[in-house]
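Chemist: Please find the sequence and the predicted model below.
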Amino acid sequence: MDVEQRESLNPHQALHLLSSCKYVDELLSEIESILSASESKSPFPKYRGSLSPVQAKVVRDYVARIRTQMLQVLKSQGIDPPEPQFEAARSIRVNLEFADIAFDECRPKAMLGYGELPASLVSELNGLVEEMKGVLRKLSTCLARDQDLEGRLQRLEQTTNETEVLRTIERVISEHGLVEFRPMLEFILDHLESKAYQIAVFGRVSSGKSSLLNHILGTTVLPVGVTPITAVPTRIRHGSEPRLTVAYAGRNPERTELERLPEFVSEQFNPGNVKHVARIVVELPARRLQDGVIFVDTPGLGSLATAGAAETLAYLPSCDLGVVLIDAGSTLNQEDLKTLQDLYEATIPAFVVLSKADLLRNEDRERVVDYTRAQIASRLGLELAVHPVSAQGERANLLDNWFDREIQPLCDRHQELAQRSIRRKIGALQQSVEAALKLRLDVASKKPQEHEKTLRAAEARLRRATGTFEVANDFCLKTVDKVRELGALALRRAAPEIVDEWFRKDGTPTRGVNNVIMSNLAATAAEAANQIFDKLRDTARVLSEAVSSAAVTMGDPNISGEEVLDSVVKEMPRFDPGPLEIALKPDIFTLLGRALTTRRVEGQLAGRIGDAANEAFERYGRLLESWMRRTLAELRRQFDARADGHRAQLERRSGASPLEPQETEAVRRSLDALSQFRAAKPVMVAPGHG
């Protein structure tokens, strides 16, 4: 029969042939897995390596041949193999999730069903789980990120001269499996790519924020006179053309025309943020945004009792400079002072700007400036300059002069300092990679037995320190839950103090009722908050000591955990009960005697301001929880950045095996390549980049 006229398999027969080939391919994959497993250094080997290298090579060659012939068979029948069904990185991440769950089941709480666990092992077992989950998390993060490091380095060649040393470091890390240094390399690349200097503008409604930003950026796109709806910052950055990007909670971001901005930032079109806007980014081809400057329009912090304050507080760490706008035609109020106080406590530099200065005569303007400066000094203890500006008419030059004199130099200086910081980080990473390679050469030539006990002790201390995160998290969450229920207790504490004031022998109370109430509310909140603060400080101390101990064990004099981790626990939110006032007179109460009067006062306080006090503590509990989670996350990040390198070196030092000659030569080549940069002059970056 002619080839063109040959009959073909029916659909069922073709499917059976295809299924059989797929099954055979799965068996071949299993054979490959057996070969790999028999050659691996797994601590739980399934197969013995009974095959000689020649036999293993023959098996692999035949597997490849069988697959090639199977494809030819399918092709001869006009059957196309199906396309891959699953994305490899996603499938690996799914398996990592299952591994994460498996380690979660090894926590002390989960192992109670297997018998009582010695108390001395709780921290170490928690640390073991956290340590393993951390490694899994890092691998999952790497798979989720853009891993085109070479492409990123090529793009950076246009703006920085550090790419050559970074490319060498990346090659060395990959060649020798030094995965513990990859997060720091990613961190450095992120900072080289992101040159942004974020200037956040705070101010009350109608203080002139939008007019000020429009004038600075030479645009009219920001809506003037609208009421902000939430504490979601609006970021304004450079772009080749005007564009608006809106991110929503639980939805993909939407790119749209700038003219639609009022639909998302005004109460008229988005009342109560019914559209669930999470982030707004405006892009403009503005000259003052060319150097990576980002302006951030925020409604301001205001009182911690106001809605949305937690979101604004969460933004603060991203802010490089705060500009607090005060309407020159109004007086400095508590909200303005609170904003300055929060910026100060977050160690963020701030400018005070009097907007709409064109509405004042020269002598009035000077008087308002002096008054504002004096009020800030007396009420906050801060000596801040106050700058009158205007975005309108002849006085607009005030705004231009202020920006060119005060803001632009800070942007330039910030970039210079960022460049120096990046160079220091690159130098530190290079030295760490060199130290790891030298350690590999050193350890491979020695017997580690004499130091085994010391190494294991340092490793166990790091693991126990890691376990303190779980303990601290549980303690803080339980304490936060108690904070939310402290309203009634605080009022009960206030009642006898109020009565004591009324029953003073001289009959002249020294404090008012409301002062007593506010004092007890604040003291009750502080007691619980200080427990959280002290717990986190203790945790930071344990982490610092573990890092320092490991550094000493590894003979690394340049590493100390003491100097950084303690400083992470700071900027604790303050308790703000809001406007709680009650009028109580002692005349009627004191006729009942002290005990009955106290009970009556308790009842009056609970009935008249009890709900408001409960709500205040509920709000404070939310703020404390948000702050606690951020602080623990930052502690974990900084601890892991230091501990991971020590863990890897401890593992290498305690479990090293002799290097093959070619491996030794590869390590020496890498050290020579890195030493070229160490011997070179400091790398300089072109002005305006970095």
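Modeler: Yep, it's here. Residues are numbered from 1 along each chain as shown.
Chemist: Can you dump the C-alpha atoms of stretch 372-380 in CSV for me?
Modeler: The C-alpha trace of stretch 372-380 is given here as CSV (Å, rounded to 0.1, in the frame of the first residue of the first chain):
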residue,chain,number,x,y,z
THR,A,372,4.4,78.8,64.7
ARG,A,373,8.1,78.2,65.4
ALA,A,374,7.6,79.1,69.1
GLN,A,375,4.6,76.8,69.5
ILE,A,376,6.5,73.9,68.0
ALA,A,377,9.4,74.5,70.3
SER,A,378,7.4,74.9,73.5
ARG,A,379,5.0,72.0,72.9
LEU,A,380,7.3,69.5,71.2
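Chemist: Pull out the buried residues from it.
Modeler: By 16 or more other Cβ atoms under 10 Å, the buried positions in stretch 372-380 come out as 372, 373, 375, 376. Backbone N, C-alpha and C define where each C-beta goes, glycine included.
Chemist: got it, and stretch 456-463?
Modeler: Those would be 458, 459, 461, 462, 463, for stretch 456-463 by 16+ other Cβ under 10 Å.
Chemist: quick one: which of the residues you listed is nearest residue 35?
Modeler: residue 459 (32.8 Å; Cβ to Cβ).
Chemist: could you point out the longest helix in this structure?
Modeler: Ranked by residue count, the top helix of the chain under DSSP state H comes out as helix 594-655.
Chemist: now for the next helix-or-strand element following it, which elements pack on it?
Modeler: Reading on from helix 594-655 to the C-terminus, the next helix or strand found by DSSP states H and E is helix 661-679. Contacts defined by 3 or more Cβ pairs under 8 Å, 6 or more residues apart in numbering; DSSP states H and E place helix 661-679 against helix 163-176, helix 408-444.
Chemist: tally of neighbours for residue 490?
Modeler: Per other Cβ atoms under 10 Å, the neighbour tally for residue 490 reads 25.
Chemist: Make TSV from the buried residues of stretch 456-463 and add distance to residue 442 to it.
Modeler: Shown next, in TSV, are the buried residues of stretch 456-463 (distance: Cβ to Cβ, whole Å):
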residue	distance to residue 442
458	17
459	18
461	23
462	21
463	24
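Chemist: Can you tell me which of the residues you listed end up in helices?
Modeler: Those of the buried residues of stretch 456-463 lying in helices (DSSP H): 458, 459, 461, 462, 463.
Chemist: still on that earlier bit, now, among the buried residues of stretch 372-380, which is nearest to residue 516?
Modeler: Closest to residue 516, out of all of the buried residues of stretch 372-380 and judged by Cβ to Cβ, is residue 375, at 27.5 Å.
Chemist: Below-threshold pLDDT in the stretch 251-400 of the chain: ranges please.
Modeler: 251, 267, 271-273, 290-291, 299-318, 345-347, 393-394 (pLDDT under 70).
Chemist: Please name the residues that touch the closest residue in space to residue 360 that isn't next to it in sequence.
Modeler: Nearest non-adjacent residue to residue 360, counting by Cβ to Cβ, 6 or more residues apart in numbering: residue 328, 5.6 Å away. Shown in contact with residue 328 (Cβ atoms under 8 Å, 6 or more residues apart in numbering): 354, 355, 356, 357, 359, 360, 365, 368, 388.
Chemist: Check the gap between the fifth one and residue 406 for me.
Modeler: The one in question is residue 359. 22 Å (Cβ to Cβ, to the nearest Å).
Chemist: before we move on, what about the second one?
Modeler: The span separating residue 355 from residue 406 equals 15 Å under the rule Cβ to Cβ.
Chemist: Likewise for residue 320?
Modeler: 14 Å.
Chemist: go on, residue 382?
Modeler: For residue 382, the distance to residue 406 - Cβ to Cβ - is 17 Å.
Chemist: and what of residue 386?
Modeler: Residue 386 is 12 Å from residue 406, by Cβ to Cβ.
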